[in-house]
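Q: Sequence below, structure please.
(3 chains)
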Amino acid sequence: MPELPEVETIKNELLFHIIGRQIVSLALPWAGIVRELTVDDFISRLSGRTILGLARRGKYLIFSLDGPEALVMHLRMTGSLLVMPGCTEAGKFVRLVIYLDNGTAIHFRDPRKFGRVWLTPDIGAVIKKLGPEPLDRDFTPQVLAERLAKRSAPIKALLFDQGFIAGVGNMYADEALHLSGIHPLRPGKSLSGEEIERLYRAIQEVLTAAITRSGASVANYYRPGGELGTAHFDFRVAHFLNGKYCAVCGAPLERIRVRSRGTYYCPACQPL
DNA sequence: ATAAGGCCCTGACCGC
DNA sequence: TGCGGTCAGGGCCTTA
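A: The predicted structure follows:
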């Protein structure tokens, strides 16, 4: 499912297909993907716009346009954006099609209908609750320490809380905790300075490595050209993809639930 | 303010 | 083969 590395990959690979392209028309096979506008408004305000830029913030994609509004998308769990020839019929799970002036179209495919799009003059209103970008220069171990200082929630829950850090979801939270040897149920404020430093480096490493691998193709993640990512080949615990034993120490992995999210960890490498 | 649980959705999977 | 039940979880909402 798309987390920061997957959305970053989609942004990088979609960019050259869409920059400078004009939106000539749209199709909305499932109107529910637009929530704060009527479908007619959405189509009429987006038609004819030229796409000037594409950026990522957390797990959101932000398309800047030649008008006062920006197109914002969230793929949630099962969404993907696919570049197709303009004549391709929308498949079964395609919820939105954006036809471009070069004869191609972007298909927003989303089997579970969790994905959303917004057309708004105020991007800040959509993404205002997001915490810091983990790969930004100003996200430092000190910032992480300050944010953890008064939090009693399990560290795993904090890591996938978008208001705490933007972009980390269930998979990369498990990976970062395993890499740093921290038990997912440790209260945030119980982490020592040295553990915070390790966790900080682990977050950077798992996200950066996954971007290098073009994301992890778990569930319904496809890149815009339809290719899969390979980051999950490096996973140590997430989703048990590499088997049921810890790749580091050989101990059996355990699965618990944290905030109703399946959480995988090694009880030997990550003692409580 | 934080913490925790439910909800939306539907394909995949399992046991019978 | 078919069927019902369960699971998966991002973000948002409600409740305490």
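
Q: how about the residues of chain A near DNA strand C?
A: Proximity of chain A to DNA strand C, by CB under 7 Å from any atom of the strand, involves residues A:1, A:3, A:58-59, A:74, A:76-77, A:112, A:114, A:126, A:129, A:160, A:162, A:169-171, A:239, A:260-262. No exception for glycine: its C-beta is placed from N, CA and C like everyone else's.

Q: Among the residues you listed, which lie within strands?
A: Judged by DSSP state E, strands contain the following of the residues of chain A next to DNA strand C: A:74, A:261-262.

Q: Helices along the stretch 151-272 of chain A, start to end?
A: Ranges of helices within the stretch 151-272 of chain A are A:155-159, A:170-180, A:193-212, based on DSSP state H, counting those that start in this stretch.

Q: Quick one: list the elements packing against the last one.
A: It stands for helix A:193-212. helix A:4-18, helix A:141-148, helix A:170-180 (3 or more CB pairs under 8 Å, 6 or more residues apart in numbering; DSSP states H and E).

Q: From the ones in strands among the residues of chain A next to DNA strand C, list the buried ones, please.
A: Using 16 or more other CB atoms under 10 Å as the burial test, these include residue A:74 as buried.

Q: Can I get the ones in strands among the residues of chain A next to DNA strand C in a markdown table including pLDDT?
A: As requested, those are arranged in a markdown table below (pLDDT from 0 to 100):
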| residue | pLDDT |
| --- | --- |
| A:74 | 92 |
| A:261 | 87 |
| A:262 | 86 |
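
Q: Can you tell me which of the ones in strands among the residues of chain A next to DNA strand C is nearest DNA strand C?
A: Of all these, DNA strand C sits closest to residue A:262, with 3.2 Å by CB to the nearest atom of the strand.

Q: closest one to DNA strand B among the helices and strands packed on helix A:193-212?
A: helix A:141-148 (8.3 Å).

Q: Which strands and helices lie in contact with the closest one?
A: helix A:193-212.

Q: report the angle between the axes of the helix it packs on and helix A:141-148?
A: With axes from the mean of the first three to the mean of the last three CA atoms, to 10 degrees defining the directions, helix A:193-212 sits at 110 degrees from helix A:141-148.

Q: quick revisit: mind putting the helices of the stretch 151-272 of chain A in JSON lines, distance to residue A:92 and mean pLDDT included?
A: Shown next, in JSON lines, are these (distance: least, CB to CB, whole Å; pLDDT from 0 to 100):
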{"stretch": "helix A:155-159", "distance to residue A:92": "34", "mean pLDDT": "93"}
{"stretch": "helix A:170-180", "distance to residue A:92": "26", "mean pLDDT": "92"}
{"stretch": "helix A:193-212", "distance to residue A:92": "29", "mean pLDDT": "94"}
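
Q: Return the distance of residue A:107 relative to residue A:254.
A: Distance, residue A:107 to residue A:254, using CB to CB, to the nearest Å: 39 Å.

Q: Tell me which of the two has more neighbours.
A: residue A:107 (23 against 16; other CB atoms under 10 Å).

Q: how about the residues of the stretch 101-250 of chain A near DNA strand B?
A: A:111-114, A:150-154, A:157-158, A:188.

Q: Show the contacting residues for residue A:56.
A: A:4, A:7-8, A:11, A:62 (CB atoms under 8 Å, 6 or more residues apart in numbering).

Q: Make CSV out of these and add distance to residue A:81.
A: Below are the contacts of residue A:56 laid out as CSV (distance: CB to CB, whole Å):
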residue, distance to residue A:81
A:4, 16
A:7, 10
A:8, 13
A:11, 10
A:62, 13
